[in-house]
Structure formats: C-alpha cells, structure tokens
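**Q** sequence and predicted model, in that order:
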Amino acid sequence: MAFTSFIMLFVVCLAFLFFVVGVTLYKKKKTTNKPSILGVCSLLLQLILFVLFFSGILEKFNETVANIYWLGTIIFGLVVGVKEIKRNIIISLASIFLSILLAILMFLMLLITSM
C-alpha cells in the first residue's frame, strides 16, 4: 500500500509540475498555434488506451497485441510530445504527461502480475 501511495503522490506532483511549466511557457509565448494532427492523434490514442484499460475491455485482447499497442502508444506520445514542443506547448506537455502516466501504469501492472 505504501508503494502505491508513493507512486500516486509522484504522479500528482508530476501533474502539478507539468501544469505550472505549461502555464508559464504559454504565458511567456503569448501565441496560440493550431495543434498538429500528430499531437491530436497522440492524445486520442492515449485517451482510448485509458478508456480500454479502466473499462476492462483491454483484458479481452490478446496479450501480445495489447502490449504492442500499449508500448507503441507510450513511445508515439513521447516522440510527438518532444517533437511538437515548439509548435504547441499544451498538447505536447499533455502528451508527455500521459505517456509517463501510461508507463507508470504498465510498470505497476508488471509488478502486480509478477508477485
């Protein structure tokens, strides 16, 4: 229980940090760029993965396919987040944050299933 609480505290601190950095950089730049199609696709894939995970539909998938989709979404989100950071800071920080959150969830699932 203590390890899970530590992970949740870490995620909350990380979310607050991303929020503060995003607002600071957004106010400093004062320009709004249209989000790219890659950024929107990255966020859409990550949100679909969250819905599939928490609704229990992801359990019904083949384990290999689910792992490939999960890792592909994490890597795609990180790459797009880093690549698009100069165009749209909000989309890129949200994509990076969701990728890190998905990686932590996968790590916790691996720890739980290995017990």
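**A** Now that the structure is in, tell me what you want to look at.
**Q** lowest-confidence helix or strand of the chain?
**A** When the helices and strands of the chain are compared on mean pLDDT, DSSP states H and E, helix 2-29 comes out lowest with a mean of 72.
**Q** pLDDT weak spots in the chain?
**A** Scanning the chain for pLDDT under 70 picks out the ranges 1-4, 7-8, 26, 29-33.
**Q** that older thread, in the least confident helix or strand of the chain, what counts as buried?
**A** By 16 or more other CB atoms under 10 Å, the buried positions in helix 2-29 come out as Phe18, Gly22. Quick note: C-beta positions are derived from backbone N, CA and C, even for glycine.
**Q** what's the first helix or strand after it?
**A** Going down the chain from helix 2-29, the next helix or strand is helix 37-55, by DSSP states H and E.
**Q** okay, that next one in CSV with CA atoms only?
**A** Only the C-alpha atoms of helix 37-55 are listed here, as CSV (Å, rounded to 0.1, in the frame of the first residue of the first chain):
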residue,chain,number,x,y,z
ILE,A,37,-2.7,16.3,-36.5
LEU,A,38,0.1,14.2,-34.8
GLY,A,39,-0.5,15.8,-31.5
VAL,A,40,-4.2,15.3,-31.6
CYS,A,41,-3.8,11.6,-32.8
SER,A,42,-1.3,11.0,-29.9
LEU,A,43,-3.8,12.3,-27.3
LEU,A,44,-6.6,10.4,-28.9
LEU,A,45,-4.6,7.1,-28.8
GLN,A,46,-3.7,7.7,-25.2
LEU,A,47,-7.2,8.5,-24.1
ILE,A,48,-8.6,5.4,-25.9
LEU,A,49,-6.0,3.3,-24.1
PHE,A,50,-7.1,4.8,-20.8
VAL,A,51,-10.7,4.0,-21.6
LEU,A,52,-9.9,0.5,-22.7
PHE,A,53,-7.8,-0.1,-19.6
PHE,A,54,-10.3,1.2,-17.0
SER,A,55,-13.4,-0.3,-18.6
